[in-house]
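Chemist: Pasting the sequence and the predicted model now:
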Amino acid sequence: ETGVTQSPTHLIKTRGQQVTLRCSSQSGHNTVSWYQQALGQGPQFIFQYYREEENGRGNFPPRFSGLQFPNYSSELNVNALELDDSALYLCASSPTSTRNNEQFFGPGTRLTVL
Amino acid sequence: KQEVTQIPAALSVPEGENLVLNCSFTDSAIYNLQWFRQDPGKGLTSLLLIQSSQREQTSGRLNASLDKSSGRSTLYIAASQPGDSATYLCAVSGNTGKLIFGQGTTLQVKP
């Protein structure tokens, strides 16, 4: 069984640029959530996708957007990058969107904004 | 608004010691609580999931308890080893399906 994978591993961008991060969910999982983890902090929920529809959003501005594809893989897009967007971006998948399901995390993408 | 707190922020113990990590949350209306391990610069590894109807879960040397009414969970690590050195995060899931995390406890186990 393949776990959650994310690409790229590391990324360096400059302020004002746009970035796309990718996530492949674990086999059999149809729900993907994205989190942002600043250095020394716990992860913060960005949004969740269930069967290609956004299913909840955290306190992040609209320049953070996402997609989920028919194979349940997902993208996180961030426009107009700011220095504070530098963080580890984590993707998690779960079998369904119900509250009782365990979430499984990928290795993350480290984004640095200069 | 749900808030999750982990105490202590950092802990250093000699190898072989039994230890307890604490997690508290302000809103008892949770669906489950999950403990994770995170190695430096890496993703999160799920250790234990406790559903709201459960009191504890065990996996090997790890035991997690949940007291919803008091808003507390503990992660007990028996016979600690240097390989247990990592940051341990707890997270609660409420009616929105998102996980709300504490800031973590960074554990160092000295040989």
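Modeler: Structure's in. What do you need?
Chemist: pLDDT value on residue 1, please?
Modeler: Went with chain A since none was named. pLDDT for residue A:1: 58.
Chemist: um, chain B though
Modeler: For residue B:1, the model assigns a pLDDT of 88.
Chemist: gap between it and residue A:92?
Modeler: 21 Å (C-beta to C-beta, to the nearest Å). From N, CA and C alone the C-beta is placed, and that goes for glycine too.
Chemist: The two: which is more packed in?
Modeler: Taking other C-beta atoms under 10 Å in any protein chain shown, residue B:1 and residue A:92 do not tie; residue A:92 has more neighbours (26 against 5).
Chemist: what about that one, helix or strand, and which?
Modeler: Assigned by DSSP states H and E, residue A:92 belongs to strand A:87-94.
Chemist: That strand pairs with which strands?
Modeler: Using DSSP bridges, strand A:87-94 pairs in its sheet with strand A:31-37 (antiparallel), strand A:104-105 (antiparallel), strand A:109-113 (antiparallel).
Chemist: relative orientation of the helix or strand harbouring residue A:66 and strand A:31-37 in degrees?
Modeler: If you go by DSSP H and E, residue A:66 is part of strand A:64-68. Counting by axes from the mean of the first three to the mean of the last three C-alpha atoms, to 10 degrees, strand A:64-68 lies at 150 degrees to strand A:31-37.
Chemist: and chain B, which of its residues are near chain A?
Modeler: Within chain B, the positions adjacent to chain A are B:4, B:31-32, B:34, B:36, B:41-46, B:49, B:51, B:89, B:91, B:93-104 by C-beta under 8 Å from any C-beta of the partner chain.
Chemist: ok, now with 10 Å
Modeler: Contact residues, chain B versus chain A (C-beta under 10 Å from any C-beta of the partner chain): B:4, B:6, B:9, B:30-32, B:34, B:36, B:38, B:41-46, B:48-49, B:51-53, B:87, B:89-91, B:93-104, B:106.
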